[in-house]
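Asker: Starting from these lines, generate the structure:
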Amino acid sequence: MAFSSVQFLFIFLPLSLAVYWLLPKPLRNGALGAFSLLFFAWAGLKGAAVLLALAALTWLGGLLLEKLPRKKPLLVLLITAHLAVLALFKYAGFAARSVNALVPDLLPVFAPALPLGISFYIFTAIGYLADVANGKVKAARSPFRFFVFLAFFGHGPSGPIVRYDQQLPYLDAKAAARQVSLDRFCYGIKRLVLGLAKKALIADQLALIYARVTSVPAATLPAPALVLGYLAYMMQLYFDFSGYSDMAIGIGSFFGLELPENFDYPYLARSIGEYWRRWHISLSGWFRDYVYIPLGGSRCSLAKNCRNLVIVFLLTGLWHGAAWQYVAFGLLHGVLLCAERLGLRTLLDRAPRLLAHLYTVGVLWFTLIIFGAHGLAEGLATWKGILTWQSGARGYTLAAFADTKLLLLLAASLLLCGPVQAWFPRLKKALYAKTAPGPAGMAGLLVLLFFSLMRVTAGTYSAFIYFQF
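Answerer: Now for the predicted structure:
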């Protein structure tokens, strides 16, 4: 049930809000937890059962960690159990296929359906257990508050990956921080509408270009078509995922939950390192705090620092998916960050801002070809087709993949992904202002909502890209 679906917008969200606000405050977390479980069960009963089991294990594990004098053995056991579940569902089939490629039919291929949001809530759970073991937070006493923290349907499917210390002030339904004012509710509506517009009006339309280009083998396409298809994918990926994050923040505001920002106009970055500080901020922060720093971070020799970066981004690539293309994507970014540590970043800082920006966007787009292709071989074929500027088979023109309307939308997306907000700071401020919009802002939101709902009710929406991770 995608946030941009008819079922969610017209049934699930209004019903959950009505029940939540009609109940007395002591019962609201229980109701929110029940609706969150229903949301996950909608995607699959087995997935909901896995979520419940891991939530119980994490909650009880946190209580035990707090009491034990020697916490490390239990922490390692709990983290291993969580990662084993993730490996079973997400990586077992990939591992078996990889082994069978070397030794045919050696292992049975076990590929169960991936439970919705499992990568996100397992990382949330591991972060919570680590923070309890380190004494950063006290273990949650209420199972209902803990389940809302772990599996709230606003962030459960695709993040942001929340931290317990950040969410703690909002988990008590009677707390002052949880109360929803008119401004807060209107802010939620604004973020929900903006996110829905990003998804329905931009991302889903650009997906048409990408789908048409990738439906044909890359070796047969002319280079301009390949460039067009993956430029559309780059924009689709941003507007799809940032649109989801906007909607998640808006939904959280309706229930008094403050979710962290997950994007800061990443395509305005002037280095790959800066890009990762602006893209999927909660995931980058998670890897920094729970993997990179424990490995030694940057407080070590340059060689070990580069090793740490490669390990972190190899894991980041694998987190995104069980396929060699994601491994390659992660390694590429690890190597690029090592290059920046070895001196490239100094050159970028000294270079003209536009040149550094163009370098970053160009390199990022080139690596996203591997990320977005239907397999590593297809990604490499796309690289070859672009680098050799192949002519492709006869009959393929840009008009076969995108009409004028889609080309104009792609051009608009290049401006709306950050440049317009940078050129007009007052517009950026208005987009994030936590107050009720004025008449002009309200009119703009109504227009966006009208056209977005037209797309949704026409059945032209699709699942968010990061739901598959």
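
Asker: Point out where the stretch 251-400 of the chain drops to low pLDDT.
Answerer: Scanning the stretch 251-400 of the chain for pLDDT under 70 picks out no residues.

Asker: Try it again at 90.
Answerer: For the stretch 251-400 of the chain, the stretches flagged by pLDDT under 90 are 297-299, 321-322, 392-400.

Asker: Just the helices from it, written as ranges.
Answerer: Applying DSSP state H, counting those that start in this stretch to the stretch 251-400 of the chain gives helices spanning 272-278, 281-287, 293-295, 302-320, 324-339, 345-350, 353-372, 376-387.

Asker: Out of the ones you listed, which gets nearest to Ser462?
Answerer: Closest to Ser462 of the helices of the stretch 251-400 of the chain is helix 353-372 (CB to CB; 14.8 Å). (C-beta placed from N, C-alpha, C; glycine too.)

Asker: any chance of the helices of the stretch 251-400 of the chain in TSV, plus mean neighbour count and distance to Ile251?
Answerer: Listed next are the helices of the stretch 251-400 of the chain as TSV, based on neighbours: other CB atoms under 10 Å; distance: least, CB to CB, whole Å:
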stretch	mean neighbour count	distance to Ile251
helix 272-278	20	23
helix 281-287	21	16
helix 293-295	13	31
helix 302-320	18	24
helix 324-339	20	28
helix 345-350	14	38
helix 353-372	18	27
helix 376-387	18	34
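
Asker: Would you mind giving those as JSON lines with distance to Leu201 added?
Answerer: Shown next, in JSON lines, are these (distance: least, CB to CB, whole Å):
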{"stretch": "helix 272-278", "distance to Leu201": "23"}
{"stretch": "helix 281-287", "distance to Leu201": "24"}
{"stretch": "helix 293-295", "distance to Leu201": "40"}
{"stretch": "helix 302-320", "distance to Leu201": "26"}
{"stretch": "helix 324-339", "distance to Leu201": "28"}
{"stretch": "helix 345-350", "distance to Leu201": "34"}
{"stretch": "helix 353-372", "distance to Leu201": "21"}
{"stretch": "helix 376-387", "distance to Leu201": "27"}
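
Asker: right, so of these, which gets closest to Val148?
Answerer: Closest to Val148 of the helices of the stretch 251-400 of the chain, according to CB to CB: helix 281-287, at 17.3 Å.

Asker: Need the contact partners of that closest one.
Answerer: By CB atoms under 8 Å, 6 or more residues apart in numbering, the residues outside helix 281-287 that reach it are 123, 127, 159-162, 260-264, 276-277, 312, 315-316, 319.

Asker: ditto for stretch 367-383
Answerer: Contacts of stretch 367-383 (CB under 8 Å, 6+ apart): 210, 214, 217-219, 226, 230, 233-234, 237, 320, 323-326, 328-329, 332-333, 336, 366, 386.

Asker: Ok, stretch 448-466 next?
Answerer: The contact list for stretch 448-466 (CB under 8 Å, 6+ apart) reads 2-6, 9, 157-159, 193-194, 196-197, 199-201, 204, 207, 236-237, 240-241, 243-244.

Asker: Show me which of those residues are buried.
Answerer: Buried members of those, counted by 16 or more other CB atoms under 10 Å: 2-5, 9, 157-159, 193-194, 196-197, 199-201, 204, 207, 236-237, 240-241, 243-244.

Asker: In helices, which of those fall?
Answerer: Secondary structure from DSSP state H places 193-194, 196-197, 204, 207, 236-237, 240-241, 243-244 of the buried ones among the contacts of stretch 448-466 in helices.

Asker: From what I see, Ala81 and Leu57 are in contact.
Answerer: Yes: counting by CB atoms under 8 Å, Ala81 touches Leu57, with 6.7 Å between them.

Asker: what's the spacing between Ala101 and Trp324?
Answerer: From Ala101 across to Trp324, the span is 10 Å (CB to CB, to the nearest Å).

Asker: Quick one: list the elements packing against the helix or strand that contains Asp165.
Answerer: Following DSSP states H and E, one finds Asp165 within helix 164-171. Here helix 164-171 is seen to pack against helix 118-133, helix 143-151 when contacts are counted using 3 or more CB pairs under 8 Å, 6 or more residues apart in numbering; DSSP states H and E.
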